[in-house]
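Asker: Sequence first, then the predicted structure:
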Amino acid sequence: MNTSHPKTALITGASRGIGRATAEAFAAAGYHLILTCSHSLPDLEILAEQLRTQYGLSCRAFQADAGDPSDMARLFETIDDLDVLVNNAGISHIGLLADMTVKQWRRVLAVNLDSCFYTCRAAVPLMLKKHSGRIINVSSAWGARGASMEVAYSASKGGVNAFTRALAKELAPSNIQVNAVACGAIDTDMNSSLSAEDLDALKAEIPADRLGSPREAAQLILQVAQAPGYLTGQIITLDGGWY
Ligand code: NAD
């Protein structure tokens, strides 16, 4: 672990899947961590304790609904220093658009897109103070392509892509880089509702002939956090050559 200049990273939705793997990758790279979840605080506290013990870093678990502005404000009241923000928390919704309720639509947009506004609005002043910072939004290949039965999800991730490009332009003069990692199909609970047949059909479409692992997504997120500062405003796709 590099103890000379430990940096602090906030990762939303870190109790499982890509967020959890990202927490593990950043911990191994020597970052202090602030991890959030919406419901699974006991699980997240166990992870935080493991990472503290294994890597000797500061790692804090915080329960906060990423789609709730007051929860996010409560979280940022506890943060006075931040180098990296990973907006990972996200939910999917599979179904016909015509069957979707207003409440379901708003929830997908709130958790996947509004959350980026809430965290970035609070994180940017902390990064401006240091004249440095990295923001990485976890997006989806559907944000650029669109997916049938996932219109709200696709729209939310398309919004994340545009948010990323626009905020990158706004913050580049202040040495704050904003990029997105747009995942294809990654093997997490988000895809656990797929039947074995659906999974086989999905793999058949992917040139790499498999789903990506959360660890691979985490490695790329860490690499983007450590990339040269000239990399900004990019939507970097991780999809096994799918598109
Ligand atoms: P997951 O369902 O395994 O994990 C999602 C995480 O987000 C969990 O820790 C969950 O607790 C948290 N979360 C959900 N709603 C939250 C909320 N309101 N507030 C705070 N935390 C919340 O899914 P995953 O596959 O690890 O997804 C992580 C990110 O990757 C999401 O943004 C998702 O859209 C994106 N993504 C995933 C895939 C994939 O195939 N798995 C593909 C493209 C993009």
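Answerer: Here it is on my side, so go on. All values reported here derive from a predicted model rather than from experimental measurement.

Asker: counting contacts, what elements does the helix or strand harbouring residue 162 pack onto?
Answerer: Assigned by DSSP states H and E, residue 162 falls within helix 151-171. In this structure, helix 151-171 packs against helix 102-109, helix 115-130, strand 133-140, helix 142-145, strand 176-183, strand 235-238, with contacts taken as 3 or more C-beta pairs under 8 Å, 6 or more residues apart in numbering; DSSP states H and E. Backbone N, C-alpha and C define where each C-beta goes, glycine included.

Asker: let's go with 10 Å and repeat that
Answerer: strand 84-87, helix 102-109, helix 115-130, strand 133-140, helix 142-145, strand 176-183, strand 235-238 (3 or more C-beta pairs under 10 Å, 6 or more residues apart in numbering; DSSP states H and E).

Asker: Can you pull the residues of the protein lying near the ligand?
Answerer: 12-13, 15-19, 36-38, 40, 65-67, 88-91, 111, 138, 140, 183, 185-186, 188-191 (C-beta under 6 Å from any ligand atom).

Asker: low-confidence ranges in this protein?
Answerer: The chain contains residues with pLDDT under 70 at 1-4.

Asker: So which residue is smack in the middle of it?
Answerer: residue 88 (1.7 Å; C-alpha atoms, centre = their mean).

Asker: how far away is it from residue 101?
Answerer: Counting by C-beta to C-beta, to the nearest Å, the gap from residue 88 to residue 101 is 26 Å.

Asker: Next: residue 92.
Answerer: 16 Å.

Asker: No further questions, thank you.
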